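**Q** Give the three-dimensional model of this entry:
(2 chains)
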Amino acid sequence: MPMKSYRQAVNEALRQEMERDSRVILMGEDVAGGAGAPGEDDAWGGPLGVTKGLEPIFGRERVLDTPISESAFIGCAAGAAATGLRPVAELMFVDFMGVCFDQIFNQAAKFRYMFGGRATTPLVIRTMYGAGFRAASQHSQCLYPLFTHIPGLKVVLPSNAYEAKGLLIQAIRDDDPVIFFEHKAMYDEEVDVPDESYAIPFGEANVTREGDDCTIIAFGRMVNLANQAADNLGKSGITCTVVDPRTTSPLDRETILDTAGETGRVVVVDEAHPRCNMATDIAALICEHRFADLKGPIKQVTAPHAPVPFSPALEDLYIPGVPKIEAAVRELCGKGH
Amino acid sequence: MQLSRDDLRAAYQRMCLIRTFEDTVHEEFSAGNIPGFVHLYAGEEASAVGVCLHLDERDAIASTHRGHGHCIAKGCDPQAMMAEIYGRKDGLCGGKGGSMHIADLSKGMMGANGIVGGGPPLVCGAALSAKYRKTGGVAVAFVGDGGSNQGTTFESYNLAKIWNLPAIFIIEDNGYAESTASGWSVGGSQVGRAQGFGMPATEVDGHDFFAVWEAAREAIDRARSGQGPSLLHVRLNRYYGHFEGDALTYKAPGELEKVKMEQDALMLFRRRVTETALLDGGELDAIERDAEAQIAHCLASAKAAPMPTEADLMTDVYADYAS
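**A** Below you'll find the model as predicted:
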């Protein structure tokens, strides 16, 4: 199986779905790049080159550069989705949702319910998230908990290139508005990715490690760190189950509760700020339904309650890392281990 | 293109339905029979009907919180609308939307909207969809003078212009955004703003169905023939408050009475068609009586309709994948 980067996997999913379904169009700032400019067409292919090469295949009719007007083009994508197209809009950095959130949470997310089931809004919003790029406070946030809070939206956090391709194909075929979170620090990470098209269903968690002592539930980029922590701990005799929920909405409650109950020790790893994030949500879920099975408190490994700092010295302290995950597991498992 | 007698009958019928619908909702709300917020369109009928008479099933509109008139003008079922306003299960949105969210996408009605300025980006999407699918359709955003000050509206002007979308922006300026005068809150002019984006724009007397119809025809023809977006600044008056319960203390004494006496859209229409002998008074009287009977029936049906139940609370949050 060929190795492909997260960037290539996203690009391939878009290309294959655009080939399959003429209703799929892309729009966003610089998704082709160079609109109206004297130089090359497809000049950028997105700011990090993720959509590079699609405009030469599908043309500017289907790969639409937009002005820097997130409210207009995200709302436009929602309106187009409600009237027969299947748009994939790129909200460059999720931090920019502050200028277009109304069109996502009051319009697209609400249409189906508010209109009594008489609307279908097959919209995908691809967006970059996460720290590690020295991009500071306005280009590094996670924010997926905010979208997870909104009924009507689906929220996807692919944890590697294989997951990114299969989950994006599912997102495009899905009939609900989907917010698809791509971690900007993962675009060059490679894993085996099949050439053929495949879809990974939403709401089905992936158990990436199986163990007896502790269950680590991690989201997005944190899944790789949790896997590394589990592998390191295994060498000292502590075995962990690692769960990648893949989607925060819908959430695979069953797998989370079952794996938590099996080990009785739970660490949740979430790159988001610690208040009202996925870690608190999962901890509450497990406490309500598996309290009797727990052998200790649920540990939450998260970013601190501070904006993402710029200085590399500070940002490295900010991001939850493998040592913090290992320490949380060791603390839970006690000195016996 | 000229208005046929059938067109004129249809126009008067729609305007009378809107007026009667809104007067009825006003009375019912005052009597405490309707839950929530309602914002009534009475007085503004010539705008919705003058525009929507040019539209067909290919075309989409997005409305505002003051949406009942646009819904009726675009062909939504008044009975299902009334049931929706009463929160009934067989309402147009199953009782889940209410007055501010009435929609029927099968009729190209993309929804009233509880968010001021929410509609214009959505209309860009419907226009893009029509253009991409080559349906020949156009999309119309109805926006109030309040919504005309939202950034979404300006961004949509720009997007519609640079993408040459078949979109039309109708600024319904009833003089007041809630209690704040549009003469105070709008910098520059609506026409000047549109022209700043390179869009053709016209100011229209929104009490005069014929003026709206003529200006809308030009804008819609322009969009349909691939010549891009336009804007109409429609000046009109609303007969009730911003919302029901608003005592209208910000209006001048006698202001509304004078409008009703001199500029009422239905009265002006009646005068025009009878003076030119296009329709006779008896025909118009019959249309008014029919509208009254139809709305009375809608009201009785809505009141008798069942409420949604607990089984409905969690349906349609997401699409149905079973079928």
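
**Q** residue ranges for the helices of the stretch 201-323 of chain B, please.
**A** With helices called from DSSP state H, counting those that start in this stretch, the stretch 201-323 of chain B shows them at B:209-224, B:255-262, B:265-275, B:281-304, B:310-313.

**Q** and among the ones you listed, the most buried is which?
**A** Across the helices of the stretch 201-323 of chain B, averaging neighbours per residue (mean count of other CB atoms under 10 Å in any protein chain shown) puts helix B:209-224 on top, at a mean of 20. Where C-beta positions appear, they are placed from N, C-alpha and C, glycine not excepted.

**Q** Can you list phi and psi of residue 174 for me?
**A** All of this is about chain A. Main-chain dihedrals, A:D174, degrees, to the nearest 10: phi -70, psi 150.

**Q** meant chain B actually
**A** When quoted as degrees, to the nearest 10, the phi and psi of B:N174 stand at phi -90, psi 10.

**Q** Ok, the one 10 residues further on next?
**A** Comment: the main-chain dihedrals of B:W184 come out as phi -90, psi -40, following degrees, to the nearest 10.

**Q** Count the residues that sit near it.
**A** Close neighbours of B:W184, defined as other CB atoms under 10 Å in any protein chain shown, add up to 9.

**Q** and B:Q227, what does it touch?
**A** By CB atoms under 8 Å, 6 or more residues apart in numbering or on different chains, the contact list for B:Q227 reads B:N164.

**Q** Check A:R7 too.
**A** Taking CB under 8 Å, 6+ apart, we find A:R7 in contact with A:48-50, A:187-188.

**Q** Quick one, which of these are buried?
**A** Among the contacts of A:R7, those that count as buried by neighbour count (16 or more other CB atoms under 10 Å in any protein chain shown) are A:48, A:50, A:187.

**Q** leaving aside the residues next to it on the chain, what's closest to the last one?
**A** Just to be clear, that refers to A:Y187. Among residues not flanking A:Y187 along the chain, A:R7 sits closest, at 4.2 Å (CB to CB, 6 or more residues apart in numbering or on different chains).

**Q** of all the helices of the stretch 201-323 of chain B, which lies closest to A:I150?
**A** The closest of these to A:I150 is helix B:310-313. By CB to CB, the value is 17.0 Å.

**Q** ok, A:D212 to chain B distance?
**A** 36 Å (CB to the nearest CB, to the nearest Å).

**Q** I'd like to know how many residues surround that residue.
**A** Applying other CB under 10 Å, we find 13 residues neighbouring A:D212.

**Q** Just list the residues touching A:Q138, thanks.
**A** The neighbours of A:Q138, taking CB under 8 Å, 6+ apart as the test, are A:93, A:95.

**Q** so where does the residue nearest to A:Y187 fall, helix or strand?
**A** Taking DSSP states H and E as the criterion, A:R7 maps to helix A:6-20.

**Q** where do the strands sit along the stretch 101-250 of chain B?
**A** Remark: strands assigned in the stretch 101-250 of chain B by DSSP state E, counting those that start in this stretch are B:139-144, B:167-173, B:176-177, B:180-181, B:201-205, B:230-235.

**Q** In JSON lines: these, plus mean neighbour count and distance to B:A286.
**A** Shown next, in JSON lines, are the strands of the stretch 101-250 of chain B (neighbours: other CB atoms under 10 Å in any protein chain shown; distance: least, CB to CB, whole Å):
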{"stretch": "strand B:139-144", "mean neighbour count": "32", "distance to B:A286": "29"}
{"stretch": "strand B:167-173", "mean neighbour count": "28", "distance to B:A286": "29"}
{"stretch": "strand B:176-177", "mean neighbour count": "22", "distance to B:A286": "35"}
{"stretch": "strand B:180-181", "mean neighbour count": "14", "distance to B:A286": "40"}
{"stretch": "strand B:201-205", "mean neighbour count": "20", "distance to B:A286": "27"}
{"stretch": "strand B:230-235", "mean neighbour count": "26", "distance to B:A286": "29"}
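
**Q** Please identify which of those is closest to A:M97.
**A** strand B:139-144 (22.8 Å).

**Q** Give me the helices and strands touching the closest one, please.
**A** With contacts taken as 3 or more CB pairs under 8 Å, 6 or more residues apart in numbering or on different chains; DSSP states H and E, strand B:139-144 sits against helix B:45-52, strand B:60-62, helix B:119-133, helix B:151-162, strand B:167-173.

**Q** check contacts around B:R66.
**A** Shown in contact with B:R66 (CB under 8 Å, 6+ apart): B:39-41, B:44, B:112, B:144, B:172, B:238.
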